[in-house]
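Chemist: sequence first, then the predicted structure:
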Amino acid sequence: MQKNLQFKISAALKNIIGSDLISDDHIAIFELVKNSYDAHATKVEVLFYEMKTPNAKIIVKDNGKGMDYDDLVKKWLFVAYSAKKEGTEEESYDYRNKIKVKRAYAGAKGIGRFSCDRLGRNLYLETIKDEQDAKVEVLYTDWDKFEGNIRDEFIDINVIHETIEKSSYGVSNGTVLEITNLKSDWDRGKFLELKAALAKLINPNTRIAEDNFEISLVVPEELEKDSGEVLYVNRVNGLIENLIFDTLELKTTKITSVVSNKECNEIKTSLVEGGKMVYSIVEENPFSNLENVELEIYYLNRSAKVNFSRRMGLQPVEYGHVFIYKNGVRIYPYGDRYEDPLKMDNRKTQGRTRYLGTREVIGYISISDPNEQLRETTSRGDGLLKTREYFQLIDWFYQNLKRVERYIIDIVDWGNFLSNDDFINFNKSFTKGEGEDIESKDVNENILKLVESISSGKNIKSVELAPDILEILSQKSENSVQKSLVDITQAIESGDFDKNEILDRVHKAGLKVEQLKKSKDEAESELLDKLIENEVISEQLEEQVKRGLWQGAIIGTDKERIIGLQHQIFHSSGRINRNIKLLLRELDVTVLSDEIKKKIAVISLESAKISSIANFITKANFNLKATEIKSDIIEFILGYLNEIYISEGKIIDSNLLINIDSDGGKLVMNFVPLEVTTLIDVFISNAEKLKAKTISFILKKIGGRLLMTIHDDNPQPIPKEKFSEVFEFGYTTTNGSGIGLSQARDIVQNLKGEIGVDESEIGKGTTFKITI
């Protein structure tokens, strides 16, 4: 007999769509600000209070349309429900707001609200609908309640509601999110990073004048330091501004391209030089699935870079490159430094001087509705879904990038825009070819030929050229290599030349070639190790090989694919560890058999190895399949700490200050890379859990062995009488699983070493000594 069954949802769903899915504090803030934007707020404040105390709190406050009780129950507490996606969001507008400028929505998945879980363990929500006689509705949520027993059902976990007489924050309409019991530490550096990132969240170039939206960052504890800063970029507090494209507008080459809706089916593209149009063309749209998108790409010449740094207070490479926005709101990670999802640098490496990379351009791609297939992945920070429409978007982007390259590299650098055979006379028709192949070309064809030459355009429907197009092109190519060589050749052939003048021209041409060579060398910097073959510099080569264990082995398509997997590995490993911890809470460790303990320890160790792989897989240059390698273990540990935790391109953003000290010794031995990296991760993870501020790794070679001393300044040092127990399975001073130090002991024993706890010389924190 058949009967109907229903799915049940575990309370663990909260982690999957909350702290596991939103993997970065900044992205969590963005999700909440995007919700304010979608609620038609004109102002949103992000406030941080008492950040150096246990009462630290994050507040996100907006003046949007707010919610009533029905909205809370039927929308906010309805997981994965999105009124934006259903199209009913506007129905809750009161008549006064019907005339407001309607925004296209930035989010439509119904899970952004769970970003609160990433930031803190407790949420106080206060909301007032923008209507007459509205009530103040309040929700209290303790996210830890969802982490008890994984067999608990999501719907059985209670959140507390009440209606109060007056807003605690004095707002008349809108929503306030107060997040407490924070999960991460925040310092001035992190606030400045957040401010810089928020500046790029909303695209200022695609907003219409009537659609006001302001973001303010408020951190009272940083006001004193702010008072001594002159540059906007160095101040934490204040209104978020993004003046980047205004800064560049008159100083460089820019291309804009707009793809119309499917009814018009056209693409209009314009190339602008220093604020003056070079050409503008309208073409038939060859991209059948692409509509309602536009881009602006700026070429960063030396003048533009200097102007940028002077106005913005930072180098262009620090700001980013090509950003992507959907309905005016940024999609990550496009544009982020060290991220190259559009594969520009990979292409530049292959093409050397012919192509532009992320250091030479800056700009944005803007996507407007409908474009349902150009949508963000559920896992924030992974970009757009790789659909057919996405690949057409990328093809269109490269079509425009190539037009900039044709103008900048071929014309400006080399002077190759027209050969003798392609000479164009704009004043009369001309003939080309001989005998039966002779052709007559009129003026319009000449113009079209020029545009096709400098834009690589096809199916051009209309053309608009600068009146002084030839003068512009001539001026741009005046200092090119080809022009310099032509001048030299003409002078020599005339027989009337000054030797010193010719040498001077040759010297200038050489400088131009040297400049182009420098550009090529920058593009090939990632391949430097492969180019060093001279035995005279063998010591430098040896040093590069040592560092090569941790330098850029994976690029291009492989890197993009692996980074996507990397996020999933982090999430899966986190869930394994969390469930081990929950399992041990349910069990009495003291009565477990040694066999069960061993099996749990193996599961935990393998999970830690998986997490460690995710840390360094995009950095490592050794054979990940190898069980064991023979290398300098001291250099390996130093490289791992630097590349993963410390360097500018680090993978893990830890709040710990990590110090390294080495006596410069070398110790070549056989070891398993994953075991060594897992060992390092265990101590850093434990220090973070114990609220340490610093951790130090001191490496010394004594005889034929490595002595590694690890000291942290956590406020809960291990009691001396417990030294003999700390490496036992299940021992913990926090609410953790008590497996980490047990893993560390097993790894050290596998390396035929010893590990122990020593009394801290400072009287605070914990010191471990490991001999391998």
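Modeler: All right, it came through fine.
Chemist: how close does the closest residue to residue 752 other than its chain neighbours sit to residue 234?
Modeler: Of all residues beyond its chain neighbours, the one nearest residue 752 is residue 772 (7.4 Å), with distances taken as C-beta to C-beta, 6 or more residues apart in numbering. In short, each C-beta sits where N, CA and C put it, glycine included. Per C-beta to C-beta, to the nearest Å, residue 772 is found 44 Å from residue 234.
Chemist: comparing the two, which residue is more hemmed in?
Modeler: Just comparing residue 772 and residue 234: by other C-beta atoms under 10 Å the higher neighbour count belongs to residue 772, 21 against 15.
Chemist: where does the stretch 51-200 of the chain have low pLDDT?
Modeler: Scanning the stretch 51-200 of the chain for pLDDT under 70 picks out 80-112, 146-156.
Chemist: what segments of it are helices?
Modeler: 69-71, 83-86, 115-119, 188-199 (DSSP state H, counting those that start in this stretch).
Chemist: in a markdown table: these, plus distance to residue 362 and mean neighbour count.
Modeler: Below are those laid out as a markdown table (distance: least, C-beta to C-beta, whole Å; neighbours: other C-beta atoms under 10 Å):
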| stretch | distance to residue 362 | mean neighbour count |
| --- | --- | --- |
| helix 69-71 | 40 | 14 |
| helix 83-86 | 31 | 16 |
| helix 115-119 | 28 | 26 |
| helix 188-199 | 14 | 18 |
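Chemist: for these, give me a markdown table that also has distance to residue 634.
Modeler: Shown next, in a markdown table, are the helices of the stretch 51-200 of the chain (distance: least, C-beta to C-beta, whole Å):
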| stretch | distance to residue 634 |
| --- | --- |
| helix 69-71 | 60 |
| helix 83-86 | 55 |
| helix 115-119 | 37 |
| helix 188-199 | 29 |
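Chemist: out of those, which comes closest to residue 387?
Modeler: helix 83-86 (17.2 Å; C-beta to C-beta).
Chemist: show me the shaky parts of the stretch 601-750 of the chain.
Modeler: Scanning the stretch 601-750 of the chain for pLDDT under 70 picks out the ranges 601-627, 647-654, 729-739.
Chemist: I figured residue 655 hits residue 182, correct?
Modeler: No. Applying C-beta atoms under 8 Å as the test, residue 655 and residue 182 come out as separate, 11.2 Å apart.
Chemist: related to what we said a few turns ago, any idea how far residue 158 is from the residue nearest to residue 752?
Modeler: Look at residue 772 and residue 158: by C-beta to C-beta, they are 52 Å apart.
Chemist: now do residue 170
Modeler: As judged by C-beta to C-beta, residue 170 and residue 158 stand 29 Å apart.
Chemist: then residue 679?
Modeler: With the distance defined as C-beta to C-beta, residue 679 ends up 42 Å from residue 158.
Chemist: who has more neighbours, these two?
Modeler: Neighbour comparison, residue 679 and residue 158: the larger count goes to residue 679, with 26 against 10 (by other C-beta under 10 Å).
Chemist: wait, a strand at that one?
Modeler: No. Residue 679: not assigned to a strand; according to DSSP: H, G, I helix; E, B strand; the rest coil it is helix.
Chemist: number of nearby residues for the nearest residue to it once chain neighbours are set aside?
Modeler: Once flanking residues are discounted, residue 679 sits nearest to residue 747: 4.8 Å by C-beta to C-beta, 6+ apart. Using other C-beta under 10 Å, residue 747 has 25 neighbouring residues.
Chemist: quick one, phi/psi of residue 747?
Modeler: Per-residue torsions, residue 747: phi -70, psi -40 (degrees, to the nearest 10).
Chemist: now residue 276: phi and psi?
Modeler: Residue torsions, per degrees, to the nearest 10, at residue 276 are phi -110, psi 130.
Chemist: okay, it: pLDDT?
Modeler: For residue 276, the model assigns a pLDDT of 82.
Chemist: is it in a bridge, and if so with what?
Modeler: For residue 276, the beta-bridge partners under DSSP bridges are residue 273.
Chemist: verify the contact between it and residue 466 for me.
Modeler: Yes. Proximity of residue 276 to residue 466 meets the contact threshold set by C-beta under 8 Å, at 6.5 Å.
Chemist: contacting residues around the residue nearest to residue 752?
Modeler: Residue 772 makes contact with 633, 669, 705-706, 708, 748, 751-753 under the criterion C-beta atoms under 8 Å, 6 or more residues apart in numbering.
Chemist: select from the residues you listed every entry located in helices.
Modeler: With DSSP state H as the criterion, helices contain 633, 748 from among these.
Chemist: which residue sits closest to residue 25, ignoring its sequence neighbours?
Modeler: Closest residue to residue 25 apart from its sequence neighbours, by C-beta to C-beta, 6+ apart: residue 184 at 5.4 Å.
Chemist: do I have it right that that neighbour meets residue 26?
Modeler: No. Using C-beta under 8 Å, residue 184 is not in contact with residue 26; the gap is 10.5 Å.
Chemist: burial check on residue 165, number of neighbours?
Modeler: Applying other C-beta under 10 Å, we find 6 residues neighbouring residue 165.
Chemist: gap between it and residue 136?
Modeler: 7 Å.
Chemist: what of residue 770?
Modeler: Applying C-beta to C-beta, the value for residue 770 to residue 136 is 57 Å.
Chemist: equivalent analysis for residue 711, please.
Modeler: Distance from residue 711 to residue 136, by C-beta to C-beta: 51 Å.
Chemist: okay, helices next: where are they in the stretch 251-400 of the chain?
Modeler: Listed in chain order, the helices of the stretch 251-400 of the chain (DSSP H, counting those that start in this stretch) span 302-312, 316-319, 344-351, 388-405.
Chemist: out of these, flag the one nearest residue 723.
Modeler: helix 316-319 (46.2 Å).
Chemist: mind giving me the packing neighbours of the closest one?
Modeler: helix 302-312 (3 or more C-beta pairs under 8 Å, 6 or more residues apart in numbering; DSSP states H and E).
Chemist: so residue 48 touches residue 58, yeah?
Modeler: Yes. Under the criterion of C-beta under 8 Å, residue 48 makes contact with residue 58 at 5.8 Å.
Chemist: can you pull the domain assignment for this protein?
Modeler: 13-241, 245-413, 480-523, 545-771 (automatic domain parsing).
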